[in-house]
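> No letters, just coordinates:
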């Protein structure tokens, strides 16, 4: 089985004690490539240093809406500088993680929207996919993406929307990131949606260290759990784990331009 984890935060301190061992275990289970996403200006440098030490890791840089109050106006300029300096580097794969979060009511929506659109503009300028955080904001995200169309689309991370919303994202050139959430039996509506999605719409992710799957409850999530997530989602769809692994890895490779 050959797998790609399209969404991790491996640079986080949660992995400081055993990152190398964890990666070795993940590779032994078939997780060949992993994307590490930046969430605020202060973690971009450590993220890039981590990626530079492993040819199977890929970097994305962004300003996450949950950290809205940490983002300064100059951080957008710095983000553009990072993307400009690394343009064409084989281990730079996307802009992200960024997007809209309407779940946390204290986050100012107009500021989120401005930051969202500014980063979509950077993804368009540098011809990179966008890795999007969308929480209880699908209608606004879809409306924005229709105005600010991206040539290369991207991924809707931890997709938990409706089938109709999924179809809108697919029309806009986005893939849907699936991880631990639909492995939980109580996620009935999401599991029904996942079972109906076209196979070419899906990519796999863990969101490590968050969003642990049902077979590893109350644990630090890890890329080494991706094969278990793949098997659970394949069963949900009535196909083999190998078939899902092959399709989702192909989808991710096409999106990121990997041969």
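All right, it came through fine. Here the structure is a predicted model, which means the values were calculated and not measured.

> In the stretch 151-259 of the chain, where is pLDDT below threshold?
By pLDDT under 70, the stretch 151-259 of the chain has no low-scoring segment.

> ok, which stretches of this protein are helices?
With DSSP state H as the criterion, the chain has helices at 19-28, 44-52, 73-86, 109-125, 138-147, 163-171, 188-196, 226-237, 241-256.

> Name the residues linked to residue 154 by a beta bridge.
Beta-bridge partners of residue 154, counted by DSSP bridges, are residue 130, residue 174.

> I'd guessed it sits against residue 131; true?
Yes - counting by CB atoms under 8 Å, residue 154 does reach residue 131; the two are 5.7 Å apart. Glycine gets a C-beta too; all of them are placed from N, C-alpha and C.

> Touching both of the two, which residues are there?
Shared between the contact lists of residue 154 and residue 131 (criterion: CB atoms under 8 Å, 6 or more residues apart in numbering) are residues 94, 96.

> Just send the helices of the chain back as a markdown table, with distance to residue 13 and mean neighbour count too.
Formatted as a markdown table, these follow (distance: least, CB to CB, whole Å; neighbours: other CB atoms under 10 Å):
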| stretch | distance to residue 13 | mean neighbour count |
| --- | --- | --- |
| helix 19-28 | 10 | 15 |
| helix 44-52 | 10 | 17 |
| helix 73-86 | 21 | 14 |
| helix 109-125 | 25 | 18 |
| helix 138-147 | 30 | 16 |
| helix 163-171 | 32 | 17 |
| helix 188-196 | 30 | 15 |
| helix 226-237 | 21 | 20 |
| helix 241-256 | 27 | 19 |
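
> Let me have the ones you listed in JSON lines, extended by distance to residue 10.
Conversion of the helices of the chain to JSON lines gives the following (distance: least, CB to CB, whole Å):
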{"stretch": "helix 19-28", "distance to residue 10": "6"}
{"stretch": "helix 44-52", "distance to residue 10": "6"}
{"stretch": "helix 73-86", "distance to residue 10": "18"}
{"stretch": "helix 109-125", "distance to residue 10": "21"}
{"stretch": "helix 138-147", "distance to residue 10": "26"}
{"stretch": "helix 163-171", "distance to residue 10": "26"}
{"stretch": "helix 188-196", "distance to residue 10": "25"}
{"stretch": "helix 226-237", "distance to residue 10": "13"}
{"stretch": "helix 241-256", "distance to residue 10": "16"}
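
> Residue 216: which of those is closest?
Nearest to residue 216 among these is helix 226-237 (7.1 Å), distances taken as CB to CB.

> and the longest strand along the chain, what does it pack onto?
Criterion DSSP state E: the longest strand present in the chain is strand 92-101. The contact analysis (3 or more CB pairs under 8 Å, 6 or more residues apart in numbering; DSSP states H and E) places strand 92-101 against strand 31-37, strand 57-61, helix 73-86, helix 109-125, strand 130-135, helix 138-147, strand 154-157.

> Now for residue 18, how many residues are close by?
For residue 18, the count of nearby residues is 13 (other CB atoms under 10 Å).

> For it, what are phi and psi?
The phi and psi values for residue 18, taken as degrees, to the nearest 10, are phi -150, psi 30.

> any idea how far it is from residue 209?
12 Å (CB to CB, to the nearest Å).

> ditto for residue 137
Distance, residue 137 to residue 209, by CB to CB: 23 Å.

> okay, those two: which has more neighbours?
For residue 137 versus residue 209, the count of surrounding residues by other CB under 10 Å is larger for residue 137: 22 against 17.

> Now for that one: which residues touch it?
Neighbour list for residue 137: 99-102 [criterion: CB under 8 Å, 6+ apart].
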